[in-house]
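In: coords please:
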Amino acid sequence: MSEQRMGDQSFMKGVFHGDLAEDLIFPFPQVAKEEGENLSMILDSVSRFLDEKVDSAAIDREHSIPESVIEEAKALGLFGLQIPMDHGGIGLSTTAYSRIMQQVGGHDASLAVTLGAHQSIGLKALLLFGTDEQKERFFPTLATGEKVAAFALTEPSAGSDAAGIKTHAKLSEDGTYWVLNGSKIWITNGAIADVFTVFARTSDFEEGTKPRLTAFIVERGEGLTTGSNEAKLGIRGSSTTEVFFDDVRVPAENVIGEVGRGFKVAMGVLNSGRLGLAAGCVGVNKTLIKMALDRVGERRAFGKYLGEFGLIKDKIAGMLARTYALESMTYLTTGLLDAGVPDYSLESAICKVYGSETAWWVVNETLQIAAGTGYMEEYPYERILRDSRINLIFEGTNEILRCFIALSGLAGPGRELSEVSRAMREPIKGFGLLVDYAVKFARNRIAPGRLTRAHPVLSRETVLIEEYTAHLAGHVGNLLRKHGRDIALMQFAQRRVADVAIDLFALSACVSRTTATIESRGEEAAREEIDYTRIFAVEARRRLECNVVGFEANDDEVRKGAAVRSYELGSYPFDIMG
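Out: Numbers count the residues shown, from 1 in each chain. Reported below is the predicted structural model:
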């Protein structure tokens, strides 16, 4: 790998260059023995608490989590899982934290969302960017749950587009405090939070200019009010409200990070928080798989158990393989973060997109297996379906994240091509760069990136990764040469790029994890993992082939035209009666 890309330390950003930085994904990360023992004890306590005290049907029906449940969660330390021990928390790694969120998410989505909004995003800015003084001031009460945190970014005119933020903060003349005015919507924990991470403009409103955003710690007090809890499709037990700021005074020492650098803070928080969401999706998938297996083993039709029918076996195999892929990529990414790899933004976005879509698919298939029973309020299927839908919207919609995955991955090759273009205008000065690029281009064509540490049993899957990594790198170069800066507008192409990247990361994670299992337990004992990897690889190959063909042969312009013409009409244009 080039020196620049080694500095990036991102497996997936390397893939966009045709590189496979296998040292980043092999061996598959493991929890340290001491933390693993501690984690097992915590999980035992959490499981008993969830089974004995958390009634998900009642929470959904009453649209609230009982105060007794919240208090017991606080007593178990669930509000301070990642806060350092010297500030009153448990100090878990990202992997251990995610494993607990998996357990909670598999039992009750409302509780998982409440805990996640508090620490996956609510206090995460303090954890990542806070000063020692800020941590000493806020963490002890946040760790115990005496105070609850929330993350306030979204506004009526600014969802995924943070540039649309209108909430504004103005520094006082003496520089000791900021005056905050504006509002936020759909803030999880809004009604119960005491501490808000708030993002506001600290630059003037000027047409056509990007705002300078700043992150603030804002405590509940004079001028800060919240609306009523929203009525929602799912996660009904969680609090979701508007938050209003009316001349709220925020001490200057409550700025998180640097003034005007709030976008960096927001992205850092969301990159990390998406892993907690993905882990929760692993948990709900495992719960659903257990429900599906129970159903196919007890329900009979045409003189057979449901599980004996081929189409049911196909559904179960798909659930198992896709959940294995999700679990593998999620904990590979948490392992990268725990190992100190600085850039995991693409990997975490991929985990969120694939996790939310896989959970939605698994819940739909589980309800289908349950048939009419699944549609009845008396049973948990429909509640879990409603709870799962929000994951495709939370923490960046999947459409926005696909664009992010594609454009972030394209950025590196784009810079490289730009440098080559400049060098061609001054060939003597840029001779070295041109030679390096030519050598690299030839190398990737003749001998694309290789995975040498994968187990030989997985050779077909390994070749698939290598083959489509080369395809991706080649098409990335073609797209950049064809569209240049306009690639930012080509969302059909971006979607294909992102979907190829998602499958490549998922399959790489499966191969890494299964290799580790084979090496530790032997091939026969790893039979299930090998089968899940192979099933996922066959599914992935179909998608990869389709997306690669689609780079050159597609109906993109036809689809765009059909959509635009419908905008003019404002409705479906035909009626069977003429």
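In: switch to C-alpha atoms for all contacts and neighbour counts from now on
Out: Fine.
In: Quick check: the gap between Met85 and Gly91.
Out: Note on Met85: its distance to Gly91, by C-alpha to C-alpha, to the nearest Å, is 5 Å.
In: And for Asp55?
Out: 28 Å.
In: just to revisit the earlier point, neighbour-wise, which of Met85 and Gly91 wins?
Out: Neighbour totals were compared for Met85 and Gly91, and Gly91 leads with 18 against 14 (other C-alpha atoms under 10 Å).
In: which residues sit in contact with the more buried one?
Out: By C-alpha atoms under 8 Å, 6 or more residues apart in numbering, the residues touching Gly91 are 80-85.
In: most neighbours, which of these?
Out: Going by other C-alpha under 10 Å, Gly80 tops the contacts of Gly91 with 28 neighbours.
In: Run a quick check on that one versus Glu146, I expect a contact.
Out: No: counting by C-alpha atoms under 8 Å, no contact exists between Gly80 and Glu146, whose distance comes to 10.6 Å.
In: shared neighbours of those two, which are they?
Out: Here Gly80 and Glu146 share no contacting residue, scored by C-alpha under 8 Å, 6+ apart.
In: and Glu461, what does it touch?
Out: Shown in contact with Glu461 (C-alpha under 8 Å, 6+ apart): 507, 511, 533-534, 537.
In: and it, what helix or strand is that in?
Out: Using DSSP states H and E, Glu461 falls within helix 459-483.
In: and the next element down the chain from that helix?
Out: helix 491-521.
In: Could you list every helix and strand in contact with that next one?
Out: Under the contact criterion of 3 or more C-alpha pairs under 8 Å, 6 or more residues apart in numbering; DSSP states H and E, helix 491-521 touches helix 310-338, helix 345-370, helix 398-425, helix 459-483, helix 527-550.
In: Tell me which of these sits most buried.
Out: helix 345-370 (a mean of 24; mean count of other C-alpha atoms under 10 Å).
In: Quick one: work out the angle between it and helix 310-338.
Out: 150 degrees (axes from the mean of the first three to the mean of the last three C-alpha atoms, to 10 degrees).
In: any residues touching the next helix or strand after helix 345-370, and which ones?
Out: Once the chain leaves helix 345-370, the next helix or strand it forms, by DSSP H and E, is helix 381-389. By C-alpha under 8 Å, 6+ apart, the surrounding residues in contact with helix 381-389 are 57, 60, 109-110, 233-235, 356, 359-360, 363-364, 366-367, 374-377.
In: quick revisit: I'd like the list of the contacts of Gly91 that fall within helices, please.
Out: The helices, defined by DSSP state H, take in nothing from these.
In: As a markdown table, these with distance to Arg527 would be great.
Out: What follows is the contacts of Gly91, written out as a markdown table (distance: C-alpha to C-alpha, whole Å):
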| residue | distance to Arg527 |
| --- | --- |
| Gly80 | 38 |
| Leu81 | 35 |
| Gln82 | 35 |
| Ile83 | 39 |
| Pro84 | 39 |
| Met85 | 40 |
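In: Strands along the stretch 51-200 of the chain, start to end?
Out: All strands of the stretch 51-200 of the chain, identified by DSSP state E, counting those that start in this stretch, fall at 149-152, 168-171, 177-188, 195-201.
In: Quick one: mean pLDDT over the last one.
Out: When pLDDT is averaged along strand 195-201, the result is 97.
In: which other helices and strands contact that strand?
Out: For strand 195-201, the elements it packs on are strand 149-152, strand 168-171, strand 213-219, judged by 3+ C-alpha pairs under 8 Å, 6+ apart.
In: So which elements touch the last one?
Out: The contact analysis (3+ C-alpha pairs under 8 Å, 6+ apart) places strand 213-219 against strand 195-201, strand 240-251, strand 255-256, helix 262-298.
In: I'd like to know which of those is closest to Ala501.
Out: Nearest to Ala501, of all the helices and strands packed on strand 213-219, is helix 262-298, at 16.9 Å by C-alpha to C-alpha.
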